[in-house]
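Okay, here's the prediction I keep looking at, along with the sequence it came from:
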Amino acid sequence: MNNHKKGLSAKDLIVTGIFAVLLLMAAMIGGGPFAAVPTLTFYFPIGAALLAGPIFMLFIAKVPKFGALAIVGAVMCILGTLTGMHWGMNFGFLICSIIASVVAGMGKFKKPVLNLAAYLVYCIGPMGTYFVFFFNRESWISFMLKKGTEQEYIDKMNETASAGIMLIMVVGTLIVATLSGLLGLRLMRKQFVKAGIAS
Amino acid sequence: MIKTDPRTKVLLMFITVLFSIFVPTGTMTCLWIGLVTLFGILMGRVKKTIRAASVFAALWVFALYVLPMLHGTVHTSLLVWLGLVFKCYPCCMLAGVIIGTTQISEFMAAMAKWNVPRSIVMPLAIMFRYFPTLKEDWGHIRDAMALRGISLSPLCFVRNPGVVIDALYLPILVTASKTADELSASAIARGIENPNRRTSRLDIRIRFIDVLVLIIFCATMAAGMAARMGGYAWI
């Protein structure tokens, strides 16, 4: 197969589809319990960052091309819209995936440091909805109420939301993402390269 | 038993999303679930649809009769959780019906008719088909590791995290990546890389039944909107 071709081949697209499932499942298993409880909902990005690191590393090793991550972002964006998520999260995902793709691409998807940085950027994606919450509270509340989220949930969120929580969310996510990403790099080096799954 | 065009199903999905954005009231949600149930049964997916509908009914009865008896934090968190579930339930249930009744080749042929770019359609199609496979693989790995006394329980993880990662997390990644290779090999063997317009033997057209289904769903949606605009609070 011609791997130096510019666009994405059929094989790349299939790998992208499968890893999109894995990334989605990792975010759901890690972050799901957080999202449903109002006092914990701000920690959702932390939970979502917990499991996905090795998947992310394996994915960019298997498809080292610019478009692949952007497609993951687009697919997540479509699925999020279909299940009624907030647009801040959906477009956060899309935009951060594209930036992550560029960051990893600067090192031709081979430099561990840049790959780690790309994973950090990717993990910021789900925070989009909370950024919207902090910077534009009124519109967020009216949007969520219109979409049918219960008033009490929003009250609880208002209560718990403060600058401190925001800081914990961002810093916590970055720390967890770093750990997860480092684990991913270690697994890459020790397992996947030796097993011949990725080079 | 009816058969509809995949494009109709995609449109239904969009209508349902619009519905859950604009008409998130109780009676309308019940009505909508009823519609989706009917649709699912007519599509030939009887058992699972009825099961999903009964789960919804049970939750609904719980929300109506048991929930008011509770107080405090339990009440709030359950209320919030149920609110989210009821918001997402119509979409997820319809998605289940659609994914369960659509062949991957049908879906791709229909999307080719709409000229959707291949780079979006192919990952989506693969995703829908891969979810059940992932579940199956995960079941196998979990069973095998249960023999060695390794499970995903927090206790086991705290005791030796390295083993849990190596024995549960790695295999699922490795199987996924092998599955990806095998799937792409089979797809390439069947000529998916052909740059020409995709052709298909399947007879995919918008028929009378598609129009009928779309009209029924749109009419229900319009009725819900109208009732809301008209100020009928009980709906």
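Here it is on my side, so go on. Predicted model, so just to flag it, every value in this text is computed and none were measured.

biggest helix in chain A by residues?
With residue count as the measure and DSSP state H as the assignment, chain A has helix A:10-36 as its longest helix.

what's the model's confidence in it, averaged?
The pLDDT scores in helix A:10-36 average 82.

any bit of it sitting next to chain B?
Yes. Interface with chain B: helix A:10-36 contributes A:10-11, A:13-22, A:24-25, A:36 (CB under 8 Å from any CB of the partner chain). Every residue, glycine included, has its C-beta placed from N, CA and C.

Distance check, the nearest residue to A:Met169 once chain neighbours are set aside against chain B.
Leaving aside its chain neighbours, A:Met169 sits nearest to A:Phe42 (5.0 Å; criterion: CB to CB, 6 or more residues apart in numbering or on different chains). Distance from A:Phe42 to chain B, counting by CB to the nearest CB, to the nearest Å: 14 Å.

just to revisit the earlier point, so which of the residues of helix A:10-36 next to chain B is the closest to chain B?
Proximity of these to chain B, judged by CB to the nearest CB, is greatest for A:Gly17, which lies at 2.9 Å.

Work out for me the element the most centrally placed residue in chain B sits within.
Taking CA atoms, centre = their mean, the centroid of chain B lies closest to B:Ala95, which sits 3.2 Å from it. Secondary structure from DSSP states H and E places B:Ala95 in helix B:72-101.

could you point out which element follows that helix?
Read in the C-terminal direction, the helix or strand following helix B:72-101 is helix B:104-113, with elements assigned using DSSP H and E.

The helix or strand following that following helix to helix B:72-101, inter-axis angle?
Sequence order places helix B:118-147 as the next helix or strand after helix B:104-113, per DSSP H and E. Here the directions of helix B:118-147 and helix B:72-101 differ by 120 degrees (axes from the mean of the first three to the mean of the last three CA atoms, to 10 degrees).

Give me the buried positions along helix B:118-147.
By neighbour count, and taking 16 or more other CB atoms under 10 Å in any protein chain shown as the criterion, the buried residues in helix B:118-147 are B:118-119, B:121-130, B:134, B:137-138, B:141, B:145.

Stretch B:83-90 too?
Taking 16+ other CB under 10 Å as the neighbour-count basis, stretch B:83-90 is seen to contain the buried residues B:Gly83, B:Leu84, B:Phe86, B:Lys87, B:Cys88, B:Tyr89, B:Pro90.

Say whether chain A is contacted by that stretch.
Yes. For a cut-off given as CB under 8 Å from any CB, stretch B:83-90 has contacts with chain A, namely B:Gly83, B:Leu84, B:Phe86, B:Lys87, B:Cys88.

ok, back up a step: okay, angle between the helix holding B:Ala95 and helix A:10-36 too, please.
Using the same axes, to 10 degrees, helix B:72-101 lies at 160 degrees relative to helix A:10-36.

Show me what helix B:72-101 is packed against.
Helices and strands touching helix B:72-101, by 3 or more CB pairs under 8 Å, 6 or more residues apart in numbering or on different chains; DSSP states H and E, are helix A:10-36, helix A:151-160, helix B:6-22, helix B:26-42, helix B:46-61.

what about chain B, any weak spots by pLDDT?
For chain B, residues meeting the criterion pLDDT under 70 lie at B:23-25, B:72-73, B:76-77, B:80, B:230-235.
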